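1. Fold the following for me, if possible:
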Amino acid sequence: MMMSYLANTAHLQFFFLVGGFLAWILTTTTTGLNEWRLWYLNDTSIVTSGVAWVGIWRACFYSHVLTGVEFCQYMDLTQDFVPVEVSAAQVMMMMAVICGLAANVSGATALRMAYFSVRGRSHLGQLFVLAGSLYICSAGLSLVPVVWNMKSVLGNSTIEFPPQFHLPAAPLRQQVGSAIGLGVVSSILMLFSGLVFLSYPYVQQTKVRGQSKGIDAVSRTVDEVRVGGAIS
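-> All right, here's what the predicted structure looks like:
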């Protein structure tokens with residue numbers, strides 16, 4: 001009976017486990033995409049496409065002069081010209097991917113226990129809390145750098161690229177790339193997944209039972225004290 005009850009209460013969490021997995025894929029995709037910023041250039045002598053894609057790991061553009069195909073230069077934390085919001089995004093997005101993966105594993109373990117396990121459910125509530133907390137952590141770690149970089153784009157911030165990048169410090173104009181939009185969507189979906197896992201009824205019931213046990217223990221202690229006083 002208990003197994004059937006738990007399985008019937010976990011359907012929403014199962015749906016958002018799928019949502020969390022999709023959000024993790026989107027977060028991973030966002031991390032690797034170049035299209036965080038789109039730089040439009042006047043000079044097309046080298047950047048023949050007239051537009052460059054500036055991500056958090058590399059800057060790329062099409063050039064018939066340099067390679068005849070896509071030309072890319074990589075950016076890392078050790079390079080002084082890399083803006084602080086790009087450096088922070090490199091670290092935080094990787095942490096978001098790791099937290100999202102851990103959240104999916106925790107969520108899948110919790111649901112497997114709710115649906116199939118007959119024994120060993122004493123830690124079920126903790127698993128749902130862990131999964132929900134990791135989902136929310138992943139959402140925050142991805143949303144902060146995404147919004148930070150979007151603010152830089154909207155503020156038309158410049159980047160002092162070294163000569164080998166063949167890019168000016170400031171473009172003619174720049175706009176938010178598809179990676180930032182994808183990152184916002186993945187963060188929101190991850191956040192909702194976390195909230196749904198934290199709202200699982202078994203978690204709330206566990207808290208109530210724990211409070212009830214605590215009240216019962218206090219009541220027993222008071223009764224023992226009264227009995228002891230009466231005897232003495």
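2. Would you map the helices across the protein?
-> 2-9, 11-32, 84-116, 124-154, 178-198, 201-231 (DSSP state H).
3. Relative to D76, which of those is closest?
-> Among the helices of the chain, the nearest to D76 by CB to CB is helix 84-116 (7.5 Å). All C-beta spots, glycine's among them, are computed from the backbone N, C-alpha and C.
4. so where is the protein shaky, pLDDT-wise?
-> Low-confidence segments of the chain (pLDDT under 70): 1-9, 117-122, 202-232.
5. middle-most residue in this structure, spatially?
-> Geometric centre of the chain, nearest residue: S138, 2.8 Å, by CA atoms, centre = their mean.
6. S138 versus A10, what's the distance?
-> Distance check for A10 against S138: by CB to CB, to the nearest Å, it reads 21 Å.
7. show me what contacts R58?
-> Residues near R58 by CB atoms under 8 Å, 6 or more residues apart in numbering: 34, 72-75.
8. Just the buried residues of the residues you listed.
-> Taking 16 or more other CB atoms under 10 Å as the criterion, what is buried in the contacts of R58 is 34, 75.
9. Name the nearest of the contacts of R58 relative to V84.
-> Closest approach between these and V84, by CB to CB: M75, at 12.5 Å.
10. isn't the closest one right up against P83?
-> No: the pair M75 and P83 fails to qualify as a contact (CB atoms under 8 Å) at a distance of 9.4 Å.
11. what sits against T109?
-> T109 touches L127, counting by CB under 8 Å, 6+ apart.
12. got the contact list for V86?
-> 56, 75, 149, 159.
13. Those: which two are farthest apart?
-> M75 and N149 (12.9 Å).
14. So for those two, which residues contact both of them?
-> Shared contacts of M75 and N149, counting by CB under 8 Å, 6+ apart, come down to 56, 86.
15. Just the buried residues of the contacts of V86.
-> Among these, those buried by neighbour count (16+ other CB under 10 Å) are 56, 75, 149, 159.
16. Please report phi then psi for the first one.
-> In this case it means I56. Torsion angles at I56 (phi, psi; degrees, to the nearest 10) stand at phi -90, psi -10.
17. distance of it from V82?
-> In terms of CB to CB, I56 sits 9 Å off from V82.
18. list residues touching both of the two?
-> Common contact partners of I56 and V82 (CB under 8 Å, 6+ apart): M75.
19. Turn the contacts of V86 into TSV, including distance to L143.
-> Below are those laid out as TSV (distance: CB to CB, whole Å):
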residue	distance to L143
I56	14
M75	22
N149	11
I159	22
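20. residues touching L22, list them.
-> L189.
21. How about the one 10 residues further on?
-> G32 sits next to 55, 57 when contact means CB under 8 Å, 6+ apart.
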